[in-house]
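# turn this into a model:
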Amino acid sequence: MINKQRGFTLLELMLVIAIIGILLAVSIPVYTDYIQRAKIYETLLLLEGLKSPVLEFAHVQNDEGRWPATPTSVGLATAGTYTTNITIAKPRLWAQVTSLMSEGSIVLLYNTTTKVWTCTHSPGFSQKYLPQNCR
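Here you go, the predicted structure:
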């Protein structure tokens, strides 16, 4: 009768554990960056949602210089999970982003001459977390 080998050798188990360790060492920093970008995108999406209602409010008032006082006055959210202190002040919409790695403000500026919104940010952000149009 021939005994068949069952199970794995110690060398094979150590090799599998080493490969898993290398994969984790590469993937955890990438995942962390992805999470930080998602937090900043939440803020940008909340601000993007304010653009049309704010301009509609000004149009209804027949005065581009008159903007709503708060996001709630046009029926929108004043905060999100990682976003605090959304503020409206002509010609700006801005929000404070609070996350684990970067804190600061994202600001949308409206140019009344060209009718174009531009995105800027406070110095607290690392460039790699910001969307391309805000860098």
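# now do residue 94, the pLDDT please.
If you check residue 94, the pLDDT there is 56.
# pretty sure residue 47 sits against residue 105.
No - contact status for residue 47 versus residue 105: not in contact, 10.3 Å apart, counting by Cβ atoms under 8 Å. In short, each C-beta sits where N, CA and C put it, glycine included.
# just the strands in this protein please.
83-89, 92-98, 103-111, 116-121 (DSSP state E).
# right, so the ones you listed: which one is the most enclosed?
strand 92-98 (a mean of 21; mean count of other Cβ atoms under 10 Å).
# now residue 20: how far from residue 49?
42 Å (Cβ to Cβ, to the nearest Å).
# among those two, which residue is more densely surrounded?
residue 49 (15 against 10; other Cβ atoms under 10 Å).
# tell me the contacts of that one?
76, 77 (Cβ atoms under 8 Å, 6 or more residues apart in numbering).
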